[in-house]
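Asker: Here is my input, please return the structure:
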Amino acid sequence: QVQLVESGGGLVQAGGSLRLSCAASGRSFRTYVMGWFRQAPGKERENVATINWSAGSTDYVDSVKDRFTISRDTDNNTMYLQMNSLKPEDTAVYYCHAVSRVGDMNYWGKGTLVTVSS
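Answerer: Numbering: from 1, shown residues only. Here you go, the predicted model:
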C-alpha cells in the first residue's frame, strides 16, 4: 500500500524558513514525478514544485521561484521542500503528490499546515 506522509509544517514569521518532508513508501517511485501542492482557505489547490524522481529535474510555480527548493533522497524515499523567505500568502495546507509517468496512478498525502504570520 502506497503511503505519502508529510511533516515539518508549523507556524513561522514572515521572512522565516521551514523544511517540509514527505516520506514515501509502498512501491518504487523510479518512474514517478513527485511534487508539492498547496491549498489556501477558499482557493484551489496549486502545484508549487515538482521533481522527476529518477532524473532529479525540477519545476516551480513562479511565485516560489528563488525562495523554495524541492529535492529528494532516493535512498530513503523522502522528498523535501525547503521554504525560505516565507510570506503570509504562502499560508496553506501543503500536500505531497506522486504521479506515474507511465500509467494513471497517482497518490496524495494528507497534508501539513504551514502558517506564516505577518
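
Asker: mind checking which helix or strand the most centrally placed residue in the chain is in?
Answerer: Nearest to the mean C-alpha position of the chain, by Cα atoms, centre = their mean, lies Trp36 at 2.5 Å. Per DSSP states H and E, Trp36 falls inside strand 32-39.

Asker: Output that strand in PDB with nothing but the alpha carbons.
Answerer: Output of strand 32-39 as PDB, limited to C-alpha atoms (Å, rounded to 0.1, in the frame of the first residue of the first chain):
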ATOM      1  CA  TYR A  32       7.100   8.900 -10.900                       C
ATOM      2  CA  VAL A  33       7.100  12.600 -10.800                       C
ATOM      3  CA  MET A  34       6.600  13.800  -7.300                       C
ATOM      4  CA  GLY A  35       5.600  17.200  -6.100                       C
ATOM      5  CA  TRP A  36       4.200  19.600  -3.600                       C
ATOM      6  CA  PHE A  37       0.800  21.200  -3.900                       C
ATOM      7  CA  ARG A  38      -0.800  23.700  -1.600                       C
ATOM      8  CA  GLN A  39      -4.300  24.800  -0.800                       C
END
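
Asker: for the strand or helix carrying Thr69, packing partners?
Answerer: For Thr69, the host element (DSSP H and E) is strand 68-73. Packing partners of strand 68-73 (3 or more Cβ pairs under 8 Å, 6 or more residues apart in numbering; DSSP states H and E): strand 32-39, strand 46-52, strand 58-60, strand 78-83. Where C-beta positions appear, they are placed from N, C-alpha and C, glycine not excepted.

Asker: List the strands paired with the last one, with their directions.
Answerer: Strand 78-83 has the following strand partners under DSSP bridges: strand 18-25 (antiparallel), strand 68-73 (antiparallel).

Asker: Can I get those in CSV including mean neighbour count and distance to Lys43?
Answerer: Converted to CSV, the strands paired with strand 78-83 look like this (neighbours: other Cβ atoms under 10 Å; distance: least, Cβ to Cβ, whole Å):
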stretch, mean neighbour count, distance to Lys43
strand 18-25, 19, 19
strand 68-73, 18, 18
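
Asker: Switch these over to CSV; also include mean pLDDT and distance to Pro41.
Answerer: Formatted as CSV, the strands paired with strand 78-83 follow (pLDDT from 0 to 100; distance: least, Cβ to Cβ, whole Å):
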stretch, mean pLDDT, distance to Pro41
strand 18-25, 97, 19
strand 68-73, 98, 20
